[in-house]
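> got a sequence here, can you build the structure:
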Amino acid sequence: MHLKRISNFYDIKFLNKYSNRYENSVLQFSTVQKQKELQYYKQSTTSKKKCKIDLKLKPYEELLKVLEARKQDLSNKDILNYVNDSFRTTSLKDPIQISDSCNKKEFLQNELHNDYETNYSSITEGIYAVKYQIKKKKSKSSEKDVTDNKSQKEKKTRKSKLSAQQEDMKRTTKHLYALRALKSYVEVNVYANELEKTQMYLRRHLHFLKRKYKLENIDYVDLYNLLISGWAKKGRIDKIKHVLSVMKEDQVSPNLESYAYYLEGISRSKFIDVSVIELVVKEMRSQGFYPEDIFKACIFKGDQREKIIEALGFVGTNAPSETCEVGDAYSCKLLERLNDKSYGRSDRLQGYCFEEKDIDFLASSQLEMENGYTLRIASVDLNTSRPSSLTLKSRRYLEELEDTWRKKLTAAFKKIKSIKKSSHMRGYDREESIYPFIAVVDIDILVDILLQQIRIMAETGEFFCPYEKYLFKELGIKVMNHYFIWLNKTNKITDKVHLIYKDYLHYLLNPKLLSEYSPREYWEHLKSQNPSGPTIDIANTPWPPSVLTRIGSELFDILHKVISFDPNRVRNKVTNKVSTSPVFYITYEEGYSTNDMKISRHIGTHDLLCKLYRDAKLDYLEFDTTLVPMVSPPKPWIKYDSGGLLITGIPFIRLNDHAIHQATYYSKVPSKNLNPCFDSLNSLSLCPWIINKPVLDAIISVFQKGGDEHLDVPLNPDNFSSAPKIVSTMSQKEKAVIWKQKRDLKKKKCEASSLWFDCLYKLSIANHFRDKIFWFPHNLDFRGRTYPTPPHFNHLGNDLVRSILLFAEGQPLGKNGLDWLKIQLINLTGFKKRDPHSERLKFANEMIPEILDSADRPFEGNQWWKTSDKPWQTLACCKELANVLRHPNPEEYVSHFPVHQDGSCNGLQHYAALGRDELGAIEVNLHPSDAPQDVYSGVSNLVEKLRQKDAANGDEVAQALEGFVRRKVVKQTVMTFVYGVTRYGAKLQILKQLKDMPDFPEKYYQQASSYLMQKIFLSIKEMFTATQEIQDWFTDCAEYITKVSGEPLEWITPLGLPVIQPYHKETVITNKCSDPGKEQSLNYTSSFEPYQSPNIRKQKNGFAPNFIHSLDASHMMLTSLFCQRKGFTFVSVHDCYWTHALTVETMNKICREQFVALHKEPILEDLSAYFLDKYARVVNE
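Now for the predicted structure:
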């Protein structure tokens, strides 16, 4: 984070005076250059031989053996020498140089590096010393042969163990997939009232699974409980007894939930036999269960709780009184101060963006939107002029078509449901029938889903050909979500959420309650105060990918067979013969998997149907409600599967459908361990937003006039000129030129179409919310980085989107607010990157006439704002400054404008802090300086010096690059260096920048990009001495651990979030896309199957950037939680933090404090200890 104050003082050490807590652990900087002395430890041949023979180390095991030695505190200096103090040690030599030296015969075998004089301490030195020491060549060939033979045998043994582990994991995972599919099948059958058949099917299928997978200690009680709950609703005690007897035969023991459903069934029966209730309670107690535990551990649907209370009342057992659980205190050391409820509360800023009278409307509006599932909004593509005759004609034909399609699809679904129901009732298949999944959703909803899909694909254009797997899955997800909406209504969950949510909105307006509870704590409090009725935090059972793709395939099959149109009517061709053409077609595309070529099926839309929709220029768009902002504050995250939208589920962590290992793992993590993450997400999600209407209108005006590439408003592909027509008189050469033009135009249109629709969606959504207050619910990626869930329109978007977003809550500018607005403006322009704030303020004051001109006449005046790096945000800031400067008292002006504080190459900031690298810290503004440093300019200057030296020595490429080594050429490579960019990737980045320079000679493109890549990498390593060594340690850890353990790499962030890298080798997944007995199937590759070996290349290349991202996310969360306690607005775009101009200085102080606090933790030592604890066991095995 760009750690700065208004006085331009950039100092980590300065922050220590803010907290006595850190007096004895001030962050200290030192550099590898300061290490002047090395101690060399000589080993005798005997001790060296003993080390090699007794430990039997192999290259990929050396790291783990070293870690094991470190864990056991072995004092074997022949293996590991380290300093036991609070600082870190690094080797003077680059690890790569050490490795190269070790492979040379001349290398001194007795040389081992360790530095006792430096201010570092880390296991890193020991790792490198042992790693390369053990790889030295032995003097005797006989010893080498013996060791090699043993190595080969041990390698085979290890491979065999890993193979057996993978087979076990594969069998377990396949079994888990089967159980998920079976559970969803049983559940929908229960709600479809197909209990008799389901009961027979369940037992038969479970026996089949037991025979097929041969797994022991698998508890199937949840599946039987679904049946018991179905019979309990009907009050069929005889059927419940039968299911329990079947469970006994299958050696499945009832659990507390089984007895709860049993009691519910008794309560619903026509005649309540008290003796039966007594027997149930007696049996419960014999199994170690107590009736009171039902109300603590079970979840309830509908009126189940009341029915169970009624049954227990007959035997004198009452429900226990509910206790108000406020929540667990933070166990994380970094958050200890927040456990004091009084900390920071007195500084809260009062007010929120809605009033008591608005609560009913807000709650009802959001619930209505989610229950409707789709939202229709006006499109900004419409011209204000009167529709043309072609548009009116196209609309009439489209209305006629959609009416016909609706009738045909309705008839088709009725027929299909009838056929499949008959087949389902007679079937004895091993696979689940598709019938129950479509039976629980109304036919009208299924028709709406398909008509919406036709429109989406037709409007997106003929260039859009999605892979069939993704299309099928999307259709399946829509069916599933409609089923969940119906389920929530049926179980009365929607009504109870509405009730509690209104009380939660009252809490957001109550300063006293806000000082006593966090949003998560108060939601838990409201739940405990409203125990009656259903449990509102029920996690619906998601249908597995295999079910979703089968449903989607079935729906698309109906669509493909039933839907057609007349192309001649679109061509305006008059004919007596009616021609029909299918709406969609199948196209096959070549691709490449890990090993060989593969053919994939894609779904395309008829180009004339796309033309029809374009000509019709419909005045609306439709979006799923999960894809747009909320119109009321999001529900707080309280556990892994509950938060965000009110009744529609969104994931806490974004994972692939097949990342089942991670999903299962996170679901079992105790909620209290994730409370910091929950609270940070809640803090970000509660920020209300409004639209900057003047800027939005300006952008829409440019968009409707055809776009402007210089302003990042995409061009309308319909306005592209067509390629020349080919005539018979042309030569072959002339025809070839035109064919090339046609291909180039098609490619250009395809790219432009994608950008244009993306912009259309953004602007249309913004225009829909122009007079509303809205919120963005947030969730995490697997590294802990936060993201708003609406994908099209959010503050993480480009310059265009950010310019039209304002905070809904306004704050007066205060004493320094105007200065911060001016600094924000100059920061956006990019004109004064290396100047202190005083110079930026001076420049802003000099540009006041241009600022006012841009605000008043953006398209007619001098248009200074267009020269900015970020023109639309600059225009928005010009308009805000104009309003402030014209206000009679600027300090009292209420501003809604977000002021940004951006990081200075945030990844390098974390590396500099981890390595206590003073030179690197200076370059990324972690060190005192009179002016802000610009690391990109620093690298470019260093590269230029190297180029000048080479040019003086006659290097032709260096000479050709004179005047072209600029900041923008090196920026992307420097930025991505810390995230593991390869040399090849860096070369492509530089090549793109050189091609954008029209005056650079084309013949030097390749040579110059390679030359600059090498010089940039060399310059970064020179400036950030510790970074490369830390990166190498990360890479070695990831490679050796994943090789030996056969597991993906895991670690825990400083705030307690477990991280699992989801990179596995590719495997082919086969999904049957039709009912049993048919041959149709869908094959696709997946890289997320946990039974596959880890993809070692991705694991090792991904670890360094992912770990730094997780540190970056932890720092952001810390800052958000402390800002929330202080009571002011805070949102983030990863390492760019936003707040009001009034609170910039307070946010900067908190940001610096939390960065220091984070890096005072022994981050690398804790990581090493975690690896020891989790993976060192592999050595012994």
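> hmm, what's the outermost residue in the protein?
Here the chain reaches farthest from its C-alpha mean at Thr729, the gap being 57.1 Å by Cα atoms, centre = their mean.
> can you give me the distance of it to Lys735?
10 Å (Cβ to Cβ, to the nearest Å). Where you see a C-beta, it was placed from the backbone N, CA and C, and this is true even at glycine.
> does Leu312 touch Tyr290 like I think?
No. Counting by Cβ atoms under 8 Å, Leu312 does not reach Tyr290; the two are 11.0 Å apart.
> looking at these two, which is more packed in?
Taking other Cβ atoms under 10 Å, Leu312 and Tyr290 do not tie; Leu312 has more neighbours (22 against 12).
> how close does that one get to Gln287?
Taking Cβ to Cβ as the measure, Leu312 falls 17 Å from Gln287.
> what does Asp238 give?
Distance from Asp238 to Gln287, by Cβ to Cβ: 22 Å.
> and what of Cys1123?
Per Cβ to Cβ, Cys1123 is found 50 Å from Gln287.
> quick one, which of these two is more surrounded?
More crowded of Cys1123 and Gln287, by other Cβ under 10 Å: Cys1123, with 24 against 13.
> so which elements touch the helix or strand containing that one?
Following DSSP states H and E, one finds Cys1123 within helix 1096-1126. Packing contacts for helix 1096-1126, counted by 3 or more Cβ pairs under 8 Å, 6 or more residues apart in numbering; DSSP states H and E, involve helix 675-685, strand 786-788, helix 906-914, helix 1025-1045, strand 1131-1133, strand 1136-1139, helix 1144-1160.
> go ahead and produce PDB holding the CA coordinates of the longest one.
When you say that, I think you mean helix 1025-1045. Extracted in PDB, the C-alpha atoms of helix 1025-1045 (Å, rounded to 0.1, in the frame of the first residue of the first chain):
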ATOM      1  CA  THR A1025      17.900  -8.200  -3.300                       C
ATOM      2  CA  ALA A1026      15.800 -10.300  -0.900                       C
ATOM      3  CA  THR A1027      12.800 -10.700  -3.200                       C
ATOM      4  CA  GLN A1028      14.500 -13.300  -5.500                       C
ATOM      5  CA  GLU A1029      15.700 -15.400  -2.600                       C
ATOM      6  CA  ILE A1030      12.200 -15.400  -1.000                       C
ATOM      7  CA  GLN A1031      10.600 -16.300  -4.400                       C
ATOM      8  CA  ASP A1032      13.100 -19.200  -4.800                       C
ATOM      9  CA  TRP A1033      12.300 -20.500  -1.400                       C
ATOM     10  CA  PHE A1034       8.600 -20.300  -2.100                       C
ATOM     11  CA  THR A1035       9.100 -22.200  -5.400                       C
ATOM     12  CA  ASP A1036      11.300 -24.900  -3.900                       C
ATOM     13  CA  CYS A1037       8.800 -25.400  -1.000                       C
ATOM     14  CA  ALA A1038       5.900 -25.800  -3.500                       C
ATOM     15  CA  GLU A1039       7.800 -28.100  -5.800                       C
ATOM     16  CA  TYR A1040       9.200 -30.500  -3.200                       C
ATOM     17  CA  ILE A1041       6.100 -30.700  -1.000                       C
ATOM     18  CA  THR A1042       3.700 -31.400  -3.900                       C
ATOM     19  CA  LYS A1043       6.100 -34.000  -5.400                       C
ATOM     20  CA  VAL A1044       6.600 -35.900  -2.200                       C
ATOM     21  CA  SER A1045       3.200 -35.600  -0.600                       C
END
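> that one to helix 1096-1126, inter-axis angle?
With axes from the mean of the first three to the mean of the last three Cα atoms, to 10 degrees applied, the angle from helix 1025-1045 to helix 1096-1126 works out at 120 degrees.
> now do the contacts for the most centrally placed residue in the chain.
Centroid-nearest residue in the chain, with Cα atoms, centre = their mean: Asp781, separated by 2.8 Å. By Cβ atoms under 8 Å, 6 or more residues apart in numbering, the residues touching Asp781 are Ile653, Arg654, Tyr787.
> ok, so of the residues you listed, who is nearest Thr549?
Top of the list for closeness to Thr549, among those and by Cβ to Cβ, is Arg654 at 19.8 Å.
> so what does the closest residue in space to that closest one that isn't next to it in sequence look like in phi/psi?
Excluding its sequence neighbours, the residue lying closest to Arg654 (Cβ to Cβ, 6 or more residues apart in numbering) is Asp781, at 5.1 Å. Dihedral pair for Asp781: phi -90, psi 180, per degrees, to the nearest 10.
> now Glu589, what's its secondary structure?
At Glu589 the chain is in strand, as set by DSSP: H, G, I helix; E, B strand; the rest coil.
> measure it to Ile603 for me?
Taken as Cβ to Cβ, the span from Glu589 to Ile603 is 11 Å.
> who's more crowded, the two?
Neighbour comparison, Glu589 and Ile603: the larger count goes to Ile603, with 21 against 11 (by other Cβ under 10 Å).
> residues of the helix or strand hosting that one that come out buried?
Assigned by DSSP H and E, Ile603 belongs to strand 597-605. Within strand 597-605, the residues scored as buried using 16 or more other Cβ atoms under 10 Å are Ser600, Arg601, His602, Ile603, Gly604, Thr605.
> packing partners for it?
Helices and strands touching strand 597-605, by 3+ Cβ pairs under 8 Å, 6+ apart, are helix 443-460, helix 468-490, strand 584-592.
> show me how far the helix holding Cys1123 is from its chain's centre.
Remark: helix 1096-1126 is offset 12 Å from the chain centroid, using Cα atoms, centre = their mean, to the nearest Å.
> avg pLDDT for it?
Here helix 1096-1126 scores 94 as its mean pLDDT.
> equivalent analysis for stretch 792-800, please.
Mean pLDDT, stretch 792-800: 94.
> ok, and what's touching that stretch?
Stretch 792-800 is contacted by residues 623, 627-629, 689, 699, 712-713, 758-759, 761-762, 765-766, 776, 787-788, 801-802, 805, 870-873, 898, 1131, 1133-1134, 1138 when judged by Cβ under 8 Å, 6+ apart.
> drop anything exposed from those residues.
Those of the contacts of stretch 792-800 that meet the buried threshold are 623, 628-629, 689, 699, 712-713, 759, 761-762, 765-766, 776, 787-788, 801-802, 805, 870-873, 898, 1131, 1133-1134, 1138, by 16+ other Cβ under 10 Å.
> mark which of those are part of strands, please.
Phe623, Trp689, Tyr787, Pro788, Leu805, Val1131, Val1133, Trp1138 (DSSP state E).
> pretty sure the fourth one is touching Trp775, no?
Okay, so that is Pro788. No. Between Pro788 and Trp775 there is no contact under Cβ under 8 Å: 9.4 Å.
> overlap of the contact sets of these two?
For the pair Pro788 and Trp775, no residue contacts each of them under the criterion Cβ under 8 Å, 6+ apart.
> which residues does the closest residue in space to Leu696 that isn't next to it in sequence contact?
The shortest distance from Leu696 to any non-neighbouring residue, by Cβ to Cβ, 6+ apart, is to Ile804 (4.5 Å). Neighbour list for Ile804: Ile691, Asn692, Val695, Leu696, Ile699, Ala766, Trp872, Ala876 [criterion: Cβ under 8 Å, 6+ apart].
> does Gln1061 really touch Phe1103, like I thought?
Yes. Here Gln1061 reaches Phe1103: they are 6.8 Å apart, a contact under Cβ under 8 Å.
> now the common contact residues for the two.
Ala1038, Leu1049.
> quick check, distance from the strand holding Ile603 to the centre of its chain.
Its chain's C-alpha centre and that of strand 597-605 lie 27 Å apart, by Cα atoms, centre = their mean.
> what's the first helix or strand after it?
Later in the chain than strand 597-605, the nearest helix or strand by DSSP H and E is helix 607-616.
> which residues does that next one contact?
Residues outside helix 607-616 that contact it (Cβ under 8 Å, 6+ apart) are 390-391, 394-395, 397-398, 455, 458-459, 461-462, 565, 567, 570-571, 581, 583, 718.
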